[in-house]
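> Here's my sequence, what's the structure:
(2 chains)
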Amino acid sequence: MTGPIFIFLVLAAVAIAGAVSLILYRHPIHSALSLIVVMIALAGLYLLMGAEFVAAVQLIVYGGAIMVLFIFVIMLLNAGEEERTNFSTLATYGGVPLAFAIAGLIAAALSRAGTEALPAAAQGGAVSSTRSLSMLLFSEFVYPFELTSFLILVAILGAIVLAQREN
Amino acid sequence: MEFLYKYAFIIVPVIKIAILVFIVLTVDAYLTWLERKVIAHIQARWGPHRVGPHGLLQPLADGIKFVFKEDPIPAGADRFLYFLAPFLTLVLAVTSLAVIPFGPGKFTIWGYTTTLSIVDLNISLLALFAITALGVYGIALAGWASNSKYSLFGGLRSSAQMISYELALTLSVVGVLLLAGDLSLRGIVDQQYIPHLGFLSWNIAGFGKGYGITQILGFVCFFIAAIAETNRVPFDLPEAESELVAGFHTEYASMKFAMFFIAEYTSMIVVSCLGTILFFGGWLSPFPDSWTFTHYLPSLLLIPFGLWVIFDGMRYETIFGRIILPGIGTAIAGLGIALAVIRPLNDFAQGPFWLISKVLLSLLIYIWLRGTLPRLRYDQLMGFGWKVLLPVSIANVVITSAVMFWRMPR
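Here you go, the predicted model:
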């Protein structure tokens, strides 16, 4: 087994383990921490593809800022352990078969297309460096980029309006 | 030997890491001593002076005390997170040192050429911010896992404070990044190097290779935000003893408490290194390159200091005073003489000497602040962070980019 594939498998296993434990843990803080583990593993995967900038931003924004807010809110509300409920009828008869169907669909698509159909890893060198990434962002993708920031601004304003209404 | 040459790319970094961690932990220990001494003298006291000459063995005594103290776990604590929190805090604080370059020099051991930093990343500044961004978890989790109201409030305050001031910290650096056009700390220092200008080419004065814009505004924001990020006075509300006992580490004792302590001092060192590199030219000398006589400044400082340590040690009757202190003094003076005599060593030591001097000065200012300023109130802290620091650092970004655009060769 070559080095990169080994690292990929380790990181992928960590990410999946984090995601599964996120669902299985009963305390919100433990779930949030599992989510942080997933974020860090994803940052490692980006690094493996040679996208250092995206990896660092993943850690700063998702690992640092957003998840700190999650933890902060959970601590502030002092949320206790969740009650474990049984599966609803819809989840048992509709959800489980659907989940298997989607997993089978993805597996079938991947196995038919072969390894060439995973272009994310191959693109690594082209848009990896900070400079080329920002060049792309401010030339080719400038409208989607600005629209996204506008969307976030609207969300912020909405949050302020909602908070003000109570006073 | 064959083995060493073949695996030098693993062995050399491991040795570098071991040396760096050893040095940093020692410096941390003596930083507590220095802090107590300086604050004591600010308040017209003597500070530690019982254990060893000048209280120099006090850090050792504290360390032994930490190891042998009882380590109770509070009832109802989340055991795993309670243990994880101090480890996380310490590991992240020490890891962030890995990207700091301590000098320009390169050296070759066993056929492996390496630099004066653990790793040289082309995004080292972002990597540093990524590591410090995770640092808040240690404190927040310590507060939550202790199952104590004081700890919880300390953890909450610290999370809120770090979220607020991290924005200002990151934005205050953007001006420097615009000037350097590079995310690596090495590139940022290189941009501040103009041989005949000395300290005028540093970002704080602003006559570097960029567009001649001073970053004083950015530095002020960076400095204040950095103090808040490291939870130091006057922003040490997470551990405000008059209202929260000891904040997030109320329920921690013995080595686990010491880990939080070491982490705090390590992040002080990291932030001082970062501020020095970003705004004060890192390892660059404040004098023009043509003043070659300033190369003997390290010797000029080290030799008298070593001699003073020797003669001061002779006055004591203990083993530490009589034998170890003169030994250390001889080593310091010997290093000074070696630096004066051996030319390549002298050239190599210039960078680290200036970087270490600036970092020590910055640490001294940290301690001085602690001895001078009172603690802020919580609403003042949040108001200042959001209403003053954040707008000012954004204004710095706008001003810097506007001037750069205006002066850009077209």
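
> Does chain A have contacts with the longest helix belonging to chain B?
The single longest helix within chain B, with elements called by DSSP state H, is helix B:8-42. No - Helix B:8-42 lies apart from chain A when judged by CB under 8 Å from any CB of the partner chain; the minimum separation is 13.3 Å. Where C-beta positions appear, they are placed from N, C-alpha and C, glycine not excepted.

> Now do that helix, average pLDDT.
The average pLDDT within helix B:8-42 is 88.

> buried stuff in whatever helix or strand comes next after that helix?
The first helix or strand that comes after helix B:8-42 along the chain, using DSSP states H and E, is helix B:58-68. Within helix B:58-68, the residues that qualify as buried are B:58-59, B:62-63, B:66, counting by 16 or more other CB atoms under 10 Å in any protein chain shown.

> If we only consider these, which is nearest to chain A?
Distance ranking of the buried residues of helix B:58-68 against chain A, using CB to the nearest CB, places B:Phe66 first at 27.3 Å.

> Run a quick neighbour tally on the residue of chain A found nearest chain B.
Proximity of chain A to chain B (CB to the nearest CB) peaks at A:Gly64, 2.6 Å away. Counted with other CB atoms under 10 Å in any protein chain shown, the neighbours of A:Gly64 add up to 27.

> what pLDDT does it get?
At A:Gly64, the model reports a pLDDT of 80.

> Next, it: phi, psi?
Main-chain torsions, A:Gly64, degrees, to the nearest 10: phi -90, psi -70.

> Spatially nearest residue to it (excluding sequence neighbours)?
Closest residue to A:Gly64 apart from its sequence neighbours, by CB to CB, 6 or more residues apart in numbering or on different chains: B:Ala133 at 2.6 Å.

> Any stretches of chain B with poor pLDDT?
Scanning chain B for pLDDT under 70 picks out B:210-211, B:237-242, B:410.

> For the residue positioned nearest the centre of chain B, list the residues it contacts.
By CA atoms, centre = their mean, chain B has its centre lying nearest to B:Ile269, at 1.1 Å. Under the criterion of CB atoms under 8 Å, 6 or more residues apart in numbering or on different chains, the neighbours of B:Ile269 are B:24, B:27-28, B:31, B:97, B:359, B:363.

> And for B:Ala205?
So B:Ala205 contacts B:199, B:214 (CB under 8 Å, 6+ apart).

> so is it in a helix, a strand, or just coil?
coil (DSSP: H, G, I helix; E, B strand; the rest coil).

> What does it show for phi and psi?
The phi/psi pair for B:Ala205 (degrees, to the nearest 10) reads phi -90, psi -30.

> returning to what we had before: can you tell me how far the residue nearest to the centre of chain B is from B:Val359?
For B:Ile269, the distance to B:Val359 (CB to CB, to the nearest Å) stands at 7 Å.

> Quick check, the residue in the stretch 51-200 of chain B closest to chain A?
Closest point on the stretch 51-200 of chain B to chain A, by CB to the nearest CB, is B:Ala133, at 2.6 Å.

> ok so that residue is a helix residue?
Yes - if the criterion is three-state DSSP, then B:Ala133 is within a helix.

> one step back: isn't the residue of chain A closest to chain B right next to B:Ala140, touching?
No - with contacts counted by CB atoms under 8 Å, A:Gly64 stays clear of B:Ala140, the gap being 11.8 Å.

> For the most centrally placed residue in chain A, what is the enclosing helix or strand?
Centre of chain A computed as the mean C-alpha position; nearest residue by CA atoms, centre = their mean is A:Met39, 6.2 Å away. If you go by DSSP H and E, A:Met39 is part of helix A:28-48.

> is any part of that helix close to chain B?
Yes - residues of helix A:28-48 contacting chain B under CB under 8 Å from any CB: A:29, A:33, A:36, A:43.
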